[in-house]
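**Student:** here's a sequence, model it:
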Amino acid sequence: MMPEPRRALVASTSEAARAAERELRELAHWVDVNEADMIVALGGDGFMLQTLHAMLTRRRIVPVYGMNRGTVGFLMNNWSITRLEERLARARTFSVTPLKMDAETIEGETVSLPAINEVSLLRETRETAKIEVSVNDRIVLDELVCDGVLVATPAGSTAYNLSAQGPILPLGSALHALTPISPFRPRRWRGAILPESARIRFRVLDPVKRPVSAVADQREVRDVAVVHVGIDRASTLSLMFDPEHALDDRITMEQFIV
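**Tutor:** Numbers count the residues shown, from 1 in each chain. Predicted coordinates for the structure are as follows:
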């Protein structure tokens, strides 16, 4: 006889998520997240990222099944209280490998953070950023003059990356998108698609006059001088989706939304 799965229930602070949490708490037995084999998360995409980052911090990674009680809910399943056990049993699991950002500030501090969607560098003032870009220790752009630049995973390619005119990457493609944000020079450069094994380095040119911040998903490091970005295979995450709401299909279909 199979042991009963140990599931944790977490919810964002929104009224809709809290109401859904109250309904689900009455339907099943839930355990603390530190004891769970799986997590059900109620909220929006931001809360899903928050839940995943919390697992990376605890270094205890289990599959997460999200239900949308937020706005867009791209990383979530549809909300429904009916047939939850059946839905969890049928759900497909997708692996998502985050990025690791190592940012060195102009004061000499080094900050390391994971990023599930993207790592972005953004100008802090009205002055455009000037950034040297290297891939696998080779300088590929001597000077990118821009509002910023980002590296996106396939899971994050439909988020900020898409808004910056970057490409949508199929889940499982083993690729990353390197996308400029409002580039001024080189005028015709619109980004690159790189293998996920690529090691990317950004060096901020004149970081005092033209300060730049580095953001790993929602967490920011101010006044950076050098930022290294690469894949973190030791921290692979698992997201669960209803078969008719699968993440790989949703990413593919985003290419046909007009």
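**Student:** and residue 59, how many residues sit next to it?
**Tutor:** The tally of other residues near residue 59 (other CB atoms under 10 Å) stands at 8. All C-beta spots, glycine's among them, are computed from the backbone N, C-alpha and C.
**Student:** and if you look at the one 4 residues further on?
**Tutor:** Using other CB under 10 Å as the criterion, residue 63 is surrounded by 17 other residues.
**Student:** residue 235 and residue 155, how far apart?
**Tutor:** Residue 235 sits 13 Å away from residue 155, taking CB to CB, to the nearest Å as the criterion.
**Student:** ok, these two, which is more surrounded?
**Tutor:** Neighbour count, other CB under 10 Å: between residue 235 and residue 155, residue 155 has more, with 24 against 18.
**Student:** tell me who's in contact with the more buried one.
**Tutor:** Listed by CB atoms under 8 Å, 6 or more residues apart in numbering, the contact partners of residue 155 are 75, 96, 116-117, 171, 247, 251.
**Student:** can you rerun that using 7 Å?
**Tutor:** Going by CB atoms under 7 Å, 6 or more residues apart in numbering, residue 155 touches 96, 116-117, 171.
**Student:** low-confidence stretches in the protein?
**Tutor:** Applying pLDDT under 70 to the chain flags residues 1-3.
**Student:** scan it for its longest helix.
**Tutor:** helix 45-58 (DSSP state H).
**Student:** for residue 8, phi and psi?
**Tutor:** With angles defined as degrees, to the nearest 10, residue 8 sits at phi -110, psi 150.
**Student:** oops, could you answer that again for residue 254 instead?
**Tutor:** phi -60, psi -20.
**Student:** residue 154 versus that one, what's the distance?
**Tutor:** 11 Å.
**Student:** the two: who's more crowded?
**Tutor:** Shown here are residue 254 and residue 154; by other CB under 10 Å, residue 154 has more neighbours (23 against 13).
**Student:** how much space separates the more buried one from residue 204?
**Tutor:** Taking CB to CB, one finds residue 154 at 27 Å from residue 204.
**Student:** what residues go with each domain of the chain?
**Tutor:** Here the domain parsing of the chain from automatic domain parsing is 7-97+236-256, 99-234.
**Student:** any idea which of those is most buried?
**Tutor:** Among those, domain 99-234 has the highest mean neighbour count (mean count of other CB atoms under 10 Å), at a mean of 18.
**Student:** what distance separates the start and the end of that one?
**Tutor:** 10 Å (CA to CA, to the nearest Å).
**Student:** show the end-to-end separation of stretch 223-239, please.
**Tutor:** Using CA to CA, the end-to-end distance of stretch 223-239 comes to 34 Å.
**Student:** what's it in contact with?
**Tutor:** 52, 56, 61, 63-64, 75, 93-106, 114, 116, 119, 121, 151, 196-197, 199-204, 207, 211-214, 247.
**Student:** stretch 190-199 now?
**Tutor:** With CB under 7 Å, 6+ apart as the test, stretch 190-199 has contacts from 135-136, 165-167, 174-180, 230-231.
**Student:** nearest to residue 5, of those residues?
**Tutor:** residue 231 (29.9 Å; CB to CB).
**Student:** what pairs with that closest one across the strands?
**Tutor:** Legend: beta-bridge partners of residue 231 under DSSP bridges are residue 99.
**Student:** any idea how far it lies from residue 47?
**Tutor:** For residue 231 relative to residue 47 (CB to CB), the value is 24 Å.
**Student:** quick one: residue 101 from residue 258, how far?
**Tutor:** In terms of CB to CB, residue 101 sits 33 Å off from residue 258.
**Student:** what's the answer for residue 224, then?
**Tutor:** 37 Å.
**Student:** in the stretch 51-200 of the chain, which spans are strands?
**Tutor:** With DSSP state E, counting those that start in this stretch as the criterion, the stretch 51-200 of the chain has strands at 64-68, 92-96, 99-105, 110-115, 118-123, 129-135, 138-146, 148-152, 175-181, 192-195, 200-204.
**Student:** give me the contacts around the longest one.
**Tutor:** Residues outside strand 138-146 that contact it (CB under 7 Å, 6+ apart): 128-134, 180-185, 205.
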